[in-house]
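Visitor: Structure here, sequence nowhere to be found:
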């Protein structure tokens, strides 16, 4: 994803990742090679990206984001937060990022995951203009309860669900396009108040709309700076 943003002209990044490159990363993360196994992911990416554009500015933070304060510290001064993390699990890290995004008044993109033939395209959230991640979760829980289904937390483990590089690349680049729209303003982000599932068996996209809840503690009508 960051490679696509650099090629689009973005020139400043903060990369937050405590992990090292593993063999299981190589099928879907195109900047890593076998020679990078065991090295810091963030430092390796930074090195490869400066070979694409030597003028970019990259700050590396080798830490886990476990709280709103962690995320706020990492995102100070940013124009956009893009969440691609999946630990401790996708739902929790999205809550942390959306809380930090609202506290700092920074737009944020909550990227999805992929499993089998489905990929989740997460929402683009602009504080004061769109619904937040909590509104999406509330809508999803209501729909699942109504339909009689159980919500399952997306696993961070590749051992429980394989992945295909082409699927992850398409998913990532969909979010790159969203980021370009947010940063440049040349078009309205497609994923405002929306989430989607991309079915790679049919190349069909199922969009799920959700609305801002007036009672939401983060973005609702009674929240400072929120719109109705």
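Guide: That came through fine. The structure presented is a predicted model; accordingly, all values stated were derived computationally and were not measured.

Visitor: residue boundaries of the strands in the chain?
Guide: 12-16, 57-61, 81-83, 108-110, 114-115, 118-121, 124-125, 194-199, 204-209 (DSSP state E).

Visitor: Mean pLDDT lowest where, among those strands?
Guide: Mean pLDDT per stretch puts strand 114-115 lowest among the strands of the chain, at a mean of 64.

Visitor: Give me the below-cutoff pLDDT ranges for this protein.
Guide: 114-116, 141-162, 221-228 (pLDDT under 70).

Visitor: top helix in it by residue count?
Guide: Assignment by DSSP state H gives helix 165-184 as the longest helix of the chain.

Visitor: ok and it relative to strand 204-209, angle-wise?
Guide: Helix 165-184 runs at 40 degrees relative to strand 204-209, counting by axes from the mean of the first three to the mean of the last three CA atoms, to 10 degrees.

Visitor: in helix 165-184, what's buried?
Guide: Neighbour-count burial for helix 165-184, with 16 or more other CB atoms under 10 Å as criterion, is recorded at 167-168, 170-172, 174-176, 178-182. Heads up, the C-betas are built off the backbone N, CA and C, glycines and all.

Visitor: For the nearest residue to residue 173 once chain neighbours are set aside, give me its contacts.
Guide: In space, and not counting its chain neighbours, residue 173 is closest to residue 4: 5.8 Å by CB to CB, 6 or more residues apart in numbering. Residues near residue 4 by CB atoms under 8 Å, 6 or more residues apart in numbering: 172, 173, 176.

Visitor: please redo it, this time with the cut-off set to 10 Å
Guide: Residues in contact with residue 4, defined by CB atoms under 10 Å, 6 or more residues apart in numbering, are 10, 169, 172, 173, 175, 176, 177, 179, 180.

Visitor: CSV for those residues, including distance to residue 80?
Guide: CSV is the format used below for the contacts of residue 4 (distance: CB to CB, whole Å):
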residue, distance to residue 80
10, 9
169, 21
172, 15
173, 16
175, 11
176, 11
177, 13
179, 6
180, 10
